[in-house]
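1. What would the 3D arrangement of this be:
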Amino acid sequence: MTRPLRAPVITATAEATTEDGSPNPGPATAGRSGPVDPRLLRHSTVARGYVVATAMFAFAGVAMTIVTAAMAASIVSELIVDPSRRSLGAQQLHLAVLAGALVARGMLTYLHDRYAHRGAARVIAQLRGRALDVLTDPTQTSVRALVARREHAATVVLRGLDALGPYLSGYLPALIVTMTVTPTVVVVIGFTDWPSAVAILITLPLIPLFMILIGLMTRERTDRKLAATSRLAAQLLDLIAGLPTLRALNRARGPAARVAELGRAQRRSTMSALRVAFLSGAVLELLATLSVAVVAVGIGLRLVHGDMSLYAGVLALILAPEAYHPLRQVGAQFHNSADGVAAAGEVLDLIESAPDDAVIAPGRRSCSVAGQPVRLLDVGVHGRDGWAPEHLDAVFEPGRLTMVTGANGAGKSTALLAVMGLVAPDSGSVLIGSIPVAELEPSLLHEQIAWLPQQPVMVPGTVSENLALFGRLESAASARAAAATGFDRVLAALPDGVDTPIGADGSGLSAGQRQRLALTRTLASPAPLLLLDEPAAHLDDASVRAVFEVLSARAAAGDTVVVVAHQSVARAFADRVLVVGQESA
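-> Numbers count the residues shown, from 1 in each chain. The predicted structure follows:
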């Protein structure tokens, strides 16, 4: 239990811990049974339509293949057997039908390839949207869980899911063609020359058998490649986020060795998968060639002994490679799509993941925060490093400035997140007035809170757009806040003032300028509850004092002001001080 020291005090845990560079496993990948994950069709309406359209193209294609083979066999057999049919006029009908079938087959291939790439892009966009909905939905993924898995999720949802394109545009159509063309061709050959059909049925299983054995090796290597990519992405994201600090400390080149080592690990895993792919392609081609040769030898022997007609022999010989070709294409496309299949499994696991235990079911009640005390009753939040905070009791009263302090990792920032309903306490509860935060409708609560996190949110756009990011501000209030934070001097130095464009995460502004912008936005907000996490970061002493003077004035006007800080200046202005993670006498 925490008692106030001098002036009573309060804290929240710092932001959730970041990854240490090791791959976050994310949701457990469900065992993938079969070449097509049924969850893909269940979660993507576009994928279902794509499969139906591809099957229709395949049926049309097999019809053209059979017509082409029949016409070619008729022309060859008649030219050899019947001298009266050796004229262009006699073969005119056969040639016209053959030409039409070839043109139709070419058009079907073109239209399918065109549709396949567009359909694959739409399926990927739909899956990506569903995954992002799960990650950003507070009823599905808690803030702590999102921070813990963000690097792995970013790798899978962005770069990994892009690799699903070859699977959808190459492997899946080849699989559908195999399921339609191969049985149909075997049946046609069976009616024409049943011994050839029997030979095909005996040799055909060899190709999928070797595909399965090779696929098991490839899956292991693909999973290793995805893990290596996740590790590399996590390291690079952490490096980019901390680059300004590393440059300030002249340590920017320190992580280079680690990044290079991860790059080498990714290269090794990629080359290992490629070696298996190239070798397996040669094996499958050899098997298909030998199988066709077996059928051709049998046809040749029967033709020599007069056991079959030339038309039947030529037709069976032309159709025999068509029975093996789809399987060869499945084998070739499998390796191209292995990365996408692995990523799709991860994304589908993410979409179907059960709601995190730490998520907060949105309430439906509303209340006015103005004039209401905020009570933390025996609040505890359990993370991977233990409880932070633990047994935290505090009251944030309106009209008072409460300073929250304590050791790093004690739970100061987490306490603020619990007040806003972004983190569900594992023990205890948070009340605004007499209503638990868990029962309040989030949007109605958040519009009454002005929050300044340790890393303020900046979006690409102009300075004025970022100032009004969380709602329109009154010009007079903005001017007073800018004067207090020193942001007015920043605006005077910018080339276009408030119309100056900035990039993602505030690129184009220094760390101090970004902090002043975020402070101005927070101080100018009319919200009755102000939660500020380390507002003095990147500010000089004079600016820090000016900021706390404004905060003290807001508290004197009746607002509830809670500040996570460590500076003595903050203590001088605080009406209460809460020390988190420490028992008070």
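
2. Domain-wise, how is the chain divided?
-> Recorded structural domains for the chain (assignment: automatic domain parsing) are 38-352, 374-580.

3. Could you find the closest non-adjacent residue to the most centrally placed residue in the chain?
-> Among the residues of the chain, the one closest to the centroid is residue 157, at 1.8 Å (Cα atoms, centre = their mean). Distance criterion Cβ to Cβ, 6 or more residues apart in numbering; nearest residue to residue 157, sequence neighbours excluded, is residue 131 at 5.1 Å. Backbone N, C-alpha and C define where each C-beta goes, glycine included.

4. Roughly how far does that neighbour sit from residue 353?
-> If you measure residue 131 against residue 353 using Cβ to Cβ, to the nearest Å, the figure is 10 Å.

5. do the same with residue 506
-> Computed as Cβ to Cβ, the residue 506 to residue 353 distance reads 32 Å.

6. and those two? which has more neighbours close in?
-> Applying other Cβ atoms under 10 Å to residue 506 and residue 353 shows that residue 506 carries more neighbours, namely 22 against 17.

7. Just give me the neighbour total for the closest residue to the more buried one other than its chain neighbours.
-> Nearest residue to residue 506 in three dimensions, chain neighbours excluded: residue 458, at 3.5 Å (Cβ to Cβ, 6+ apart). Burial measure for residue 458: 20 neighbouring residues, criterion other Cβ under 10 Å.

8. Next: residue 97.
-> 15.

9. cool, residue 288 as well?
-> Residue 288, neighbours per other Cβ under 10 Å, totals 21.

10. cool, the one 10 residues further on as well?
-> Counted with other Cβ under 10 Å, residues neighbouring residue 298 total 19.

11. Just to be sure, residue 456 is in a strand?
-> No. Under DSSP: H, G, I helix; E, B strand; the rest coil, residue 456 sits outside any strand and is assigned coil.

12. for it, what are its contacts?
-> By Cβ atoms under 8 Å, 6 or more residues apart in numbering, the contact list for residue 456 reads 506, 514-515, 517-518, 521.

13. again, 10 Å this time
-> Under the criterion of Cβ atoms under 10 Å, 6 or more residues apart in numbering, the contact list for residue 456 reads 466, 469, 505-506, 514-515, 517-519, 521-522, 533, 535, 537.

14. so what's residue 46 up against?
-> Going by Cβ under 10 Å, 6+ apart, residue 46 touches 119-127, 168.

15. among those residues, which are in helices?
-> 119-127 (DSSP state H).

16. Which one (most neighbours) among the residues you listed?
-> residue 123 (27 neighbours).

17. Check the gap between it and residue 519 for me.
-> The separation that residue 123 has from residue 519, given Cβ to Cβ, amounts to 44 Å.

18. Also residue 113?
-> 55 Å.

19. out of those two, which sits in the busier spot?
-> Under the neighbour definition other Cβ under 10 Å, residue 113 and residue 519 were set side by side, and residue 519 has more, 29 against 14.

20. rewinding a little: may I ask you to confirm that the residue nearest to residue 157 is in contact with residue 44?
-> No. In this structure, residue 131 is not within contact of residue 44 by Cβ atoms under 10 Å, at 11.4 Å.

21. Spit out the residues that contact the two alike.
-> For the pair residue 131 and residue 44, residues contacting each of them under the criterion Cβ under 10 Å, 6+ apart are 348, 351.

22. Isn't residue 98 up against residue 76?
-> No. With contact defined as Cβ under 10 Å, residue 98 and residue 76 do not form a contacting pair (11.1 Å).

23. which SS class is the residue nearest to residue 157?
-> Counting by three-state DSSP, the backbone at residue 131 sits in helix.

24. Let me know the pLDDT of residue 529.
-> pLDDT recorded at residue 529 is 93.

25. Any idea what it is bridged to?
-> Per DSSP bridges, residues listed as beta-bridge partners of residue 529: residue 449, residue 560.

26. Tell me which stretches of the stretch 151-300 of the chain form helices.
-> 161-162, 164-166, 172-192, 194-203, 206-248, 256-304 (DSSP state H, counting those that start in this stretch).

27. Could you report the distance from residue 303 to residue 91?
-> Using Cβ to Cβ, one gets 22 Å for the distance from residue 303 to residue 91.

28. no wait, residue 61
-> Note on residue 61: its distance to residue 91, by Cβ to Cβ, is 25 Å.

29. Can I get stretch 90-98 in CSV, CA atoms only?
-> Coordinates of the C-alpha atoms in stretch 90-98 are reproduced here as CSV (Å, rounded to 0.1, in the frame of the first residue of the first chain):
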residue,chain,number,x,y,z
ALA,A,90,-9.7,-31.8,-96.7
GLN,A,91,-8.1,-30.7,-93.4
GLN,A,92,-9.7,-27.3,-93.5
LEU,A,93,-12.3,-28.0,-90.8
HIS,A,94,-9.7,-29.7,-88.5
LEU,A,95,-7.3,-26.8,-88.9
ALA,A,96,-10.0,-24.2,-88.2
VAL,A,97,-11.1,-25.9,-85.0
LEU,A,98,-7.4,-26.4,-84.0
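
30. quick one: buried residues of that stretch?
-> Judged by neighbour count (16 or more other Cβ atoms under 10 Å), stretch 90-98 contains these buried residues: 91, 94, 98.

31. Once you drop chain neighbours, what's closest to the first one?
-> In other words, residue 91. Using Cβ to Cβ, 6+ apart and skipping residues adjacent in sequence, the residue nearest residue 91 is residue 75, 5.6 Å away.

32. now swap in the last one and tell me
-> For residue 98, ignoring the flanking residues on the chain, the nearest one in space by Cβ to Cβ, 6+ apart is residue 71 at 3.9 Å.

33. Which strand or helix spans that neighbour?
-> Here residue 71 is covered by helix 45-81, with elements defined by DSSP states H and E.

34. Would you mind getting the angle between that helix and helix 172-192?
-> With axes from the mean of the first three to the mean of the last three Cα atoms, to 10 degrees as the criterion, the two stretches helix 45-81 and helix 172-192 enclose an angle of 30 degrees.

35. ok, the residue nearest to residue 98 touching residue 92?
-> No. In this structure, residue 71 is not within contact of residue 92 by Cβ under 10 Å, at 11.8 Å.

36. Specify the local secondary structure of residue 368.
-> Of the three states, residue 368 takes coil under three-state DSSP.

37. Tell me which residues touch it, please.
-> Shown in contact with residue 368 (Cβ under 10 Å, 6+ apart): 432-433, 444, 448, 528.

38. and if you look at residue 81?
-> If you count contacts by Cβ under 10 Å, 6+ apart, residue 81 has them with 309-311.

39. among those residues, which ones are buried?
-> Among the contacts of residue 81, those scoring as buried are 309, 311 (criterion: 16+ other Cβ under 10 Å).

40. Burial check on residue 86, number of neighbours?
-> By the other Cβ under 10 Å criterion, the neighbourhood of residue 86 contains 11 residues.

41. Flag the shaky bits of the stretch 101-250 of the chain, pLDDT-wise.
-> Applying pLDDT under 70 to the predicted model, the residue ranges of the stretch 101-250 of the chain that meet it are 138-151, 211, 214-226, 228, 231, 248.

42. One more pass at 90, please.
-> 101-102, 104-106, 108-250 (pLDDT under 90).

43. just to revisit the earlier point, export the helices of the stretch 151-300 of the chain as CSV, with columns for distance to residue 389.
-> Supplementary listing: the helices of the stretch 151-300 of the chain in CSV, determined by distance: least, Cβ to Cβ, whole Å:
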stretch, distance to residue 389
helix 161-162, 38
helix 164-166, 42
helix 172-192, 51
helix 194-203, 69
helix 206-248, 25
helix 256-304, 33
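
44. Residue 437: which of those is closest?
-> Closest of the helices of the stretch 151-300 of the chain to residue 437 is helix 206-248, at 29.6 Å (criterion: Cβ to Cβ).

45. start to end distance for stretch 439-449?
-> This stretch, stretch 439-449, spans 16 Å end to end (Cα to Cα, to the nearest Å).
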